[in-house]
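1. here's my sequence, what's the structure:
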Amino acid sequence: LDSLLQERKELNYLYTMRSSTSFYIIFISSIIFTGAESKAIFKKLAKSADGDVRCTQRGVTDCFYVRLNADFLGSVPTNKFVKVFDFTDIKMKLISKNGNFYLFGMEDGQQSSMSFRQRENGPSIYASIRANGGVYNVEACSSNGGCNVVTFTPVDFFNQQEDPNDAVNFG
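-> I've put the predicted structure just below:
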């Protein structure tokens, strides 16, 4: 059991042990294994993004660093829903791919896009993921790659703008 706990993947597991005189039932619910992120396009990193300038933009309510699961992204078939982030149930399906540009459809019918370029230290990603509650934007935070930050802006922020350009004006 110790080795299962160390692996940290999400799993519901029912284990029954039998002794000579009685049964012992041990229920282990939601054991967390690493590797669960292999079923999502992005893995949320533990490193705090609070100091990143993108996190201080108007309307941003959540900000975090991610790592692209490029192997999983490369294996996603067209029209199959997959998880976007390893920590949420937001899903999207691949509609088309052209080189490193991806077009996705969300469960609610909206479209999202992503492009990335491989750099010296890893991929530089630019994506706009439109979920029911708002928009997740993924931006590279290093010219050498390998650093990518996600900002979340709730849809209410955009709905509250008197002028459609208020959300993008920096004055």
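
2. what's the distance between Val76 and Leu94?
-> Relative to Leu94, Val76 is positioned 5 Å away (CB to CB, to the nearest Å). The way it works is simple: take the backbone N, C-alpha and C, and place the C-beta from them, glycine included.

3. pull up the overlap in contacts between the two.
-> Each of Val82 lies in contact with both Val76 and Leu94 under the rule CB atoms under 8 Å, 6 or more residues apart in numbering.

4. give me the local confidence score for Asn159.
-> For Asn159, the pLDDT comes out at 82.

5. please renumber the chain so that the first residue is 36 from this point on.
-> Yep, numbering from 36; the last one is Asn194 now.

6. mind listing the helices for this structure?
-> Applying DSSP state H to the chain gives helices spanning 37-42, 105-110, 190-194.

7. and the strands in the protein?
-> 43-53, 58-68, 75-79, 97-103, 116-120, 126-133, 136-141, 146-154, 157-166, 169-175, 183-189 (DSSP state E).

8. buried deepest among these, which one?
-> The highest mean neighbour count among the strands of the chain, using mean count of other CB atoms under 10 Å, belongs to strand 75-79: a mean of 22.

9. in its sheet, what does that one sit against?
-> Each strand paired with strand 75-79, and its direction, by DSSP bridges: strand 97-103 (antiparallel), strand 116-120 (parallel).

10. center of this structure - which residue?
-> Centroid-nearest residue in the chain, with CA atoms, centre = their mean: Phe120, separated by 2.0 Å.

11. spatially, which residue comes closest to that one, not counting chain neighbours?
-> Leaving aside its sequence neighbours, Phe120 sits nearest to Phe77 (CB to CB, 6 or more residues apart in numbering; 5.1 Å).

12. hang on, the one you found packs against Arg102?
-> Yes: look at Phe77 against Arg102 with CB atoms under 8 Å: they come within range, at 6.9 Å.

13. and Gly157, how far from Asn167?
-> Relative to Asn167, and taking CB to CB, Gly157 is found at 30 Å.

14. wait, what's in contact with the closest residue in space to Phe116 that isn't next to it in sequence?
-> The spatially closest residue to Phe116, leaving aside those adjacent along the chain, is Lys126, at 4.3 Å (CB to CB, 6+ apart). Applying CB under 8 Å, 6+ apart, we find Lys126 in contact with Phe116, Val117, Lys118, Val119, Met141, Glu142.

15. all good on my end, thank you.
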